[in-house]
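Colleague: Test case, fold it:
(chains A and B)
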Amino acid sequence: MTRPKVYITRRIPERAFEVLREHAEIKVWDSDLPVPREILLKEVADADGLLCLLTEKVNAELLDAAPRLKVVSNMAVGFDNIDVAECTRRGIPVGNTPGVLTEATADLTWALLLAAARRIREAIDYVREGRWITWGPLLLLGQDVYGATIGIIGMGRIGTAVARRAKGFNMRILYHDVRRNEAAEAELGAAFVDMDTLLRESDFITIHTDLNPSTYRLINREAFAKMKPTAVLVNAARGPIVDTEALYEALRRGGSSPPPSTSRIRSPSRRIIRSSSCRTALWSPTSAARR
Amino acid sequence: MAEIAALNVLAGLRGERLPYCVNPEVYERAAG
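Modeller: The predicted model follows:
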């Protein structure tokens, strides 16, 4: 009997290979970089299953090139890289991996939040550059996290996990979402507020919403203008939720106060990364993964 | 994470319901 064929678009942990190898003939793009589109389109020609990542666009073009495809499995919680409606129309189920990154993403969010608040990256650079001679009362002053106000955009699993950690810092917890999360309100004392209130009153803003037409560039010029000049912004969701140009302007506006900081802007331009006026910004790759 | 993705693939190959499916309506369409 012919074994089904599965194409895997990236090197993944061995255990997952073992699971598949017992039942299918597998082929993998054995690299840490995304498979080029033209190769992907060729490789899926005889594939019965596709295990892909966010970097692969699964659309009508790919589905046309994969006439035998019975399943698409995205190794991610989000699936904005997949035309789900088109897969459904063709009778192809689409899988994802929800929940597994909740705590890892919340940890990374907090790592970035604390690093921005206490200016860790600047401090490390300061020492590495040999500029540290002695302590000074004004040296690399950060801002307090304990007892501050956190505004969480998207109070799903990850937002709630971030809020749990915030409770340990005795923070006032505000959140905004398309629907109320009464369980989080009861457990954590989180307050549901409108977006304007969240932007105006939060010392730290973290983003955990999915990317869809209503959240695309949700954090734009108007949103930055409403934030406190000392606000720290951590985007732990998809990059396009933050308008990169508006972020750049907000960072340049900095002045004497630390400008808003953010993370995980997908493919931020080199101009922004290298800009000396953006020294307080932290850029992190998508790294909250688990085996 | 990768293991869950692999289990989704296996279920799809067998024609079973995916453990984590984002378009469960695909099964309703098939049944209808």
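Colleague: dump the residue contacts of residue A:113.
Modeller: A:145, A:204, A:206, A:232, A:234 (C-beta atoms under 8 Å, 6 or more residues apart in numbering or on different chains). The C-beta positions use only the backbone N, C-alpha and C, and glycine is treated the same way.
Colleague: And for residue A:163?
Modeller: A:150, A:152, A:155, A:173, A:175, A:184, A:188, A:190.
Colleague: What does residue A:112 show for phi and psi?
Modeller: Main-chain torsions, residue A:112, degrees, to the nearest 10: phi -70, psi -40.
Colleague: Could you point out which residue ranges in chain B have low pLDDT?
Modeller: B:29-32 (pLDDT under 70).
Colleague: Close to chain A: what parts of it are there?
Modeller: B:1-13, B:15, B:17-27, B:29-30 (C-beta under 8 Å from any C-beta of the partner chain).
Colleague: mind running it again at 10 Å?
Modeller: Residues of chain B lying close to chain A (C-beta under 10 Å from any C-beta of the partner chain) are B:1-30.
Colleague: hmm, back to that, keep the contacts of residue A:163, but drop any that are not near chain B.
Modeller: Counting by C-beta under 10 Å from any C-beta, no member of the contacts of residue A:163 reaches chain B.
Colleague: ok, back up a step: write a PyMOL command that selects only the buried members of the contacts of residue A:113.
Modeller: Here is the PyMOL command that picks out the buried ones among these, judged by 16 or more other C-beta atoms under 10 Å in any protein chain shown:
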select buried, chain A and resi 145+204+206+232+234
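Colleague: quick one: which of the contacts of residue A:113 sit in strands?
Modeller: A:204, A:206, A:232, A:234 (DSSP state E).
Colleague: Roughly how far does the third one sit from chain B?
Modeller: Yep, that's residue A:232 we're talking about. 28 Å (C-beta to the nearest C-beta, to the nearest Å).
Colleague: Can you spell out which residues form a bridge with that residue?
Modeller: residue A:204 (DSSP bridges).
Colleague: where's it relative to residue A:223, distance?
Modeller: 14 Å (C-beta to C-beta, to the nearest Å).
Colleague: Quick check on residue A:118: phi, psi?
Modeller: Torsion angles, degrees, to the nearest 10, at residue A:118: phi -100, psi 10.
Colleague: so where's the stretch 1-150 of chain A shaky on pLDDT?
Modeller: A:1.
Colleague: Find the nearest non-adjacent residue to the residue of it found nearest chain B, please.
Modeller: In the stretch 1-150 of chain A, the residue that lies nearest chain B is residue A:71 (2.2 Å; C-beta to the nearest C-beta). Spatial nearest neighbour of residue A:71, chain neighbours left out: residue B:12 (2.2 Å); criterion: C-beta to C-beta, 6 or more residues apart in numbering or on different chains.
Colleague: helix or strand for the one you found, which one?
Modeller: Under the criterion of DSSP states H and E, residue B:12 resides in helix B:2-14.
Colleague: quick one: that helix to chain centroid distance?
Modeller: Here the centre of helix B:2-14 is set off from its chain's centre by 8 Å, with C-alpha atoms, centre = their mean, to the nearest Å.
Colleague: What of stretch A:159-170?
Modeller: With C-alpha atoms, centre = their mean, you get 18 Å for stretch A:159-170.
Colleague: Report the buried residues of that stretch.
Modeller: A:159-166, A:169.
Colleague: so what's residue 4 up against?
Modeller: In the absence of a named chain, this looks at chain A. Residues in contact with residue A:4, defined by C-beta atoms under 10 Å, 6 or more residues apart in numbering or on different chains, are A:20, A:23-26, A:47-49, A:68, A:70-71, B:9-10, B:12-14.
Colleague: try again with chain B
Modeller: By C-beta under 10 Å, 6+ apart, the contact list for residue B:4 reads A:16, A:19, A:73, A:75, A:95-100, B:18-20.
Colleague: Narrow these to just the buried residues.
Modeller: Buried, going by 16+ other C-beta under 10 Å: A:16, A:19, A:73, A:75, A:95-98, A:100, B:18, B:20, out of those.
Colleague: want to throw those residues into JSON lines with secondary structure?
Modeller: What follows is those, written out as JSON lines (DSSP: H, G, I helix; E, B strand; the rest coil):
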{"residue": "A:16", "secondary structure": "helix"}
{"residue": "A:19", "secondary structure": "helix"}
{"residue": "A:73", "secondary structure": "strand"}
{"residue": "A:75", "secondary structure": "coil"}
{"residue": "A:95", "secondary structure": "strand"}
{"residue": "A:96", "secondary structure": "coil"}
{"residue": "A:97", "secondary structure": "coil"}
{"residue": "A:98", "secondary structure": "coil"}
{"residue": "A:100", "secondary structure": "coil"}
{"residue": "B:18", "secondary structure": "coil"}
{"residue": "B:20", "secondary structure": "coil"}
